[in-house]
Every structure is written in structure tokens, then in C-alpha cells.
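Enquirer: Build me a model from this:
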Amino acid sequence: MKKLTTLGTTLALTCALAVPAAAQQTTDNLVAANTDWSTFEAESPRECISVSAPTTSTLTDGNGNPTTGNRGDIYLMVFYRPGANVQGQVTFTGGYPFASGSTVEMVVGGSTFQLFTEGEWAWPATPEDDAQVVAAMKRGTDAVLRARSGRGNITTDTFSLLGFTAGVEEAENRCS
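Expert: Modelled structure (predicted):
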């Protein structure tokens, strides 16, 4: 199972995304904004990230009834880290700890993928799986991620893929 190797940088970039859209244009590490996807670049360690927040989110209890709860930041990202030989790592953070041993179901077009979880993070099992997810995202219009929290609640987050291809290609070109 892959680990996030530069969690500090990820969190710093994630915090930058909490800034309103107009202010994001002045964020130091922002290098491109492509509709619903933004691309960030960091130098130490060298990495490029294309990232988006969900367009819709729902939270239901274990019986499918709407419920409320507190969630942190929710992002879908694709990382490139040349120093760690990471090319196109798909990562999702749901803003809460996932249920132990659970997976996140990701649906893009007619394709379904399973993302493995650890804490608040989820990702495909292998670089080959990452490549399949990225290829599906380039063809798709949205990505729907369904996950279970440690409390048993179910979240469904929908991410627009408008601008995904431009964003991910920007990140890849900068950090390949």
C-alpha cells in the first residue's frame, strides 16, 4: 500500500484551497486554474498536484437517512513527485477518518474503482490502478466517491472533471 510521502506539503496546499476562488490566483504555489481543477507546484520536495473540491456532498447514516456531521477538507488529487518516482498518484481525502479496513468506491463514467484507506486518506492499490483511474477521469464528466466513516456514516462526494485533463497534464509536464 502506498503512503503519502510529503503530507506536510499536501496539508499546506490543501489549506491554500480553503481560500475563496478569486484569492487562489495569488497563492504562491498555484500555477494553473483549469475550471474546476487547480494545479500547485512545490520545490522542496519537488512535487506538482492537480486538485479539486467536490461540487456536491451528502452524508447519510447506516440506514440511508440524511444526517449531519462535521467534516474537514474534502479533496480529490493527482500527485507527481519526480524525486520519489511517483507519476500520477490519485489520492482522496474525505475530511474524516474512514472506517478501519474499508475501501472508497469511485465511479467514473461506467468504470468503478476501489480505493484503499488509511486514516483520512484513500488511493488506488498500484501505479497501474492510478493510471487506469486517471485515464477514466480524462474521459469522464464527474467522479463520484462513496465512503464509510469510522462512525458508520456514508458520504457521497461528486467531483466535476471539467478542467481535469488540462490540470493533470499541467502537473505532469511540470514534474515529469
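Enquirer: Tell me the pLDDT of the one residue sitting closest to the centre of the chain.
Expert: Ranked by distance to the mean C-alpha position of the chain (Cα atoms, centre = their mean), the top residue is Leu76 at 1.5 Å. Note for Leu76: predicted pLDDT of 98.
Enquirer: Look up the pLDDT of the residue lying farthest from the centre of the chain for me, please.
Expert: Distance to the chain centre peaks in the chain at Asn63, reaching 26.5 Å (criterion: Cα atoms, centre = their mean). Asn63 carries a pLDDT value of 89.
Enquirer: what bridges to the residue nearest to the centre of the chain?
Expert: Ser52, Phe92 (DSSP bridges).
Enquirer: what about it, distance to Ser44?
Expert: 25 Å (Cβ to Cβ, to the nearest Å). The way it works is simple: take the backbone N, C-alpha and C, and place the C-beta from them, glycine included.
Enquirer: same check, this time on Val90
Expert: Relative to Ser44, and taking Cβ to Cβ, Val90 is found at 23 Å.
Enquirer: Pick out whichever of the two has more residues nearby.
Expert: Counted by other Cβ atoms under 10 Å, Val90 and Ser44 do not tie: Val90 has more neighbours, with 23 against 8.
Enquirer: Phe116 is in contact with Ala125, correct?
Expert: Yes. The pair Ala125 / Phe116 is scored as a contact, 5.7 Å apart, by Cβ atoms under 8 Å.
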